[in-house]
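Q: Return a 3D structure for these sequence lines:
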Amino acid sequence: MAKFKVIVSDPQTGASKVVELEEARASPFIGRKLGETLDGAVVDLPAHKVQLTGGSDSDGVPMRANVHGGIRRAVVLSGGTGFKAKRDGERRRKTVCGDVITDEIVQVNMKITDRPAGAAPIALPVKAEQAPEQ
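A: Below you'll find the model as predicted:
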């Protein structure tokens, strides 16, 4: 069955939250496309709306919104997700995953698009004070 590590980002604060979902809690993601909006209750943020923005499979191959389907493909890229140009005008064949979430995907990236009035934003983690060395 599917197991996802979901990273939910808050564009307002720049903070992010990691939620691990397994089995029945992961099933609402199967078959969804990048760019779709979901209810935040699936990632422990009730009354929020979250949008799928990306992800990667177990080998680290990134998902790309303009590659249709849920399988890996080798495509010619000249920019965007999964490509870093070494010189101007460069094009290269790269392997990327399609825009549909399947059970092969292990990481899903999301962002909060709508929050209820008065809801607290995701807080940045507080760093613990380091003890002075002796």
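
Q: what's the residue closest to the geometric middle of the protein?
A: The chain has residue 109 as the residue nearest its centroid, 1.0 Å off, counting by Cα atoms, centre = their mean.

Q: in which helix or strand would I find that one?
A: strand 105-114 (DSSP states H and E).

Q: partners of the helix or strand of the chain with the lowest mean pLDDT, with directions?
A: Least confident helix or strand of the chain, by mean pLDDT, DSSP states H and E, is strand 72-77 with a mean of 88. Sheet pairing of strand 72-77 (DSSP bridges) gives strand 92-97 (antiparallel).

Q: Tell me if residue 42 really is in a helix.
A: Yes - counting by DSSP: H, G, I helix; E, B strand; the rest coil, residue 42 is located in a helix.

Q: Hmm, residue 27 and it touching each other?
A: No - using Cβ atoms under 8 Å, residue 42 is not in contact with residue 27; the gap is 9.4 Å. In this view, the C-beta of every residue, glycine as well, is placed from N, C-alpha and C.

Q: Kind regards, and thank you for your time.
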